[in-house]
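Trainee: A structural model of the following input is requested.
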Amino acid sequence: QEPRGERPPEETTVPIGFLTDAERERLDGFPAQIVPGDIETYFTLSRADRAQIPRTTSAANRLGFALQLGTLRFLGFCPDDLNAAPEAVVAFVAEQLDVTPDELVRYGRRGQTRTEHLRQIRRYLRFRKATASDLALIENWLVDRALDHDRPTLLLRLSCEHLLGLRIERPGITHLERVVASARRRAQRETYRRLGAILTRDCKVQLDSLLT
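Mentor: Sure, this is the predicted structure:
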């Protein structure tokens, strides 16, 4: 029997928002630095990549398109502010296109340009936007991970890596926070369910006596 006023284990709350505002902003943007090896791997434009870049358009649009292409391939999503991309990345892409990095500030002045480009890039890289069903499947996948490792930041990183492997564009970080929190709650309930058969009344009495 539970002591009066004590919350049963299955009702233990798991925080939905476990990140700070600064952490969310960082995770929804570009990394402060990208190592040279990753720049070369993900932002080198192949012949097939170059064939996707609009030819009869401005230098700014070509640079913005190519930068989004490499970014989706690298991060699994494209941050809202492309101008926050590390200078080394922008310079690397610009050099391949024979344009100046400063052209990036003029990219996307027409409202639909970037959206249209990202839609084309998604098709080319065989990515798709995450649906509610996708997030439900990710949550189911995370429950098993949460039974072994309950640390929310680790589960968040694993979910991002899994989405990238599935070529599903990563949604905003707050959506994934909710998925992780839900997976942790389910894993917690499953843990208590599995312990239920082990924690007999006599076992609980003995454990309580040890704590006392």
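
Trainee: for this protein, which segments count as strands?
Mentor: 128-129, 168-169 (DSSP state E).

Trainee: out of those strands, which is the most enclosed?
Mentor: For those, the largest average neighbour count (mean count of other CB atoms under 10 Å) is found in strand 168-169, namely a mean of 20. Placement of C-beta: from N, CA and C, glycine included.

Trainee: how far off centre is it?
Mentor: From the chain centre to the centre of strand 168-169 is a distance of 9 Å (CA atoms, centre = their mean, to the nearest Å).

Trainee: same deal with stretch 77-84?
Mentor: Using CA atoms, centre = their mean, the offset of stretch 77-84 from its chain centre is 14 Å.

Trainee: identify each buried residue in it, please.
Mentor: Residues 77-79, 82 are the ones in stretch 77-84 that count as buried (16 or more other CB atoms under 10 Å).

Trainee: distance of Asn61 relative to Thr113?
Mentor: As judged by CB to CB, to the nearest Å, Asn61 and Thr113 stand 6 Å apart.

Trainee: anything in contact with each of the two?
Mentor: Common contacts of Asn61 and Thr113 (CB atoms under 8 Å, 6 or more residues apart in numbering): Tyr107.

Trainee: pick out whichever of these two has more residues nearby.
Mentor: The neighbour count for Asn61 versus Thr113, taken as other CB atoms under 10 Å, is higher for Asn61 (21 against 18).

Trainee: give me the neighbour count for Ile173.
Mentor: 18.

Trainee: also Glu177?
Mentor: Per other CB under 10 Å, the neighbour tally for Glu177 reads 21.
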